[in-house]
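> with the sequence up front, the predicted model follows.
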Amino acid sequence: MSDRSVRFFGGPLDGRVQELADEEPVPGTVVRHIHLHRGPKIETRYELGLTEDGWAYRVQAHESEPEPDTLP
């Protein structure tokens with residue numbers, strides 16, 4: 001893998017390798033992958049980080065939906 005490559009870990013893009021843009025990569029950058037199909041839209045977020053093996057996008061944990069307020 002070259003210095004300008006980034007690998008995806010987890011989610012639907014797991015194992016994919018792509019070249020980074022010409023700009024300097026910024027750790028913590030988040031990209032969204034949206035999968036559209038006949039069912040509901042599925043959105044996966046990946047966060048960029050630098051590891052000892054190079055750049056990696058790791059799938060972010062899903063944040064749970066807030067519980068709706070209920071009246072007693």
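Everything's here; your move.
> what's near enough to touch F8?
14-18, 46, 56-57, 59 (Cβ atoms under 8 Å, 6 or more residues apart in numbering). (C-beta placed from N, C-alpha, C; glycine too.)
> SS state for the residue positioned nearest the centre of the chain?
Centroid-nearest residue in the chain, with Cα atoms, centre = their mean: Y46, separated by 1.1 Å. State at Y46, reduced to three classes by DSSP: H, G, I helix; E, B strand; the rest coil: strand.
> contacts only, for it.
By Cβ under 8 Å, 6+ apart, the contact set of Y46 is 8, 10-11, 13, 30-33, 57-60.
> tabulate those (a markdown table), appending distance to L50.
What follows is the contacts of Y46, written out as a markdown table (distance: Cβ to Cβ, whole Å):
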| residue | distance to L50 |
| --- | --- |
| F8 | 15 |
| G10 | 17 |
| G11 | 19 |
| L13 | 18 |
| V30 | 15 |
| V31 | 15 |
| R32 | 20 |
| H33 | 20 |
| Y57 | 11 |
| R58 | 11 |
| V59 | 17 |
| Q60 | 16 |
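> in ChimeraX, select just the buried ones from those residues.
Buried subset of these, written as a ChimeraX selection, criterion 16 or more other Cβ atoms under 10 Å:
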select :8,11,13,33,57,58,59
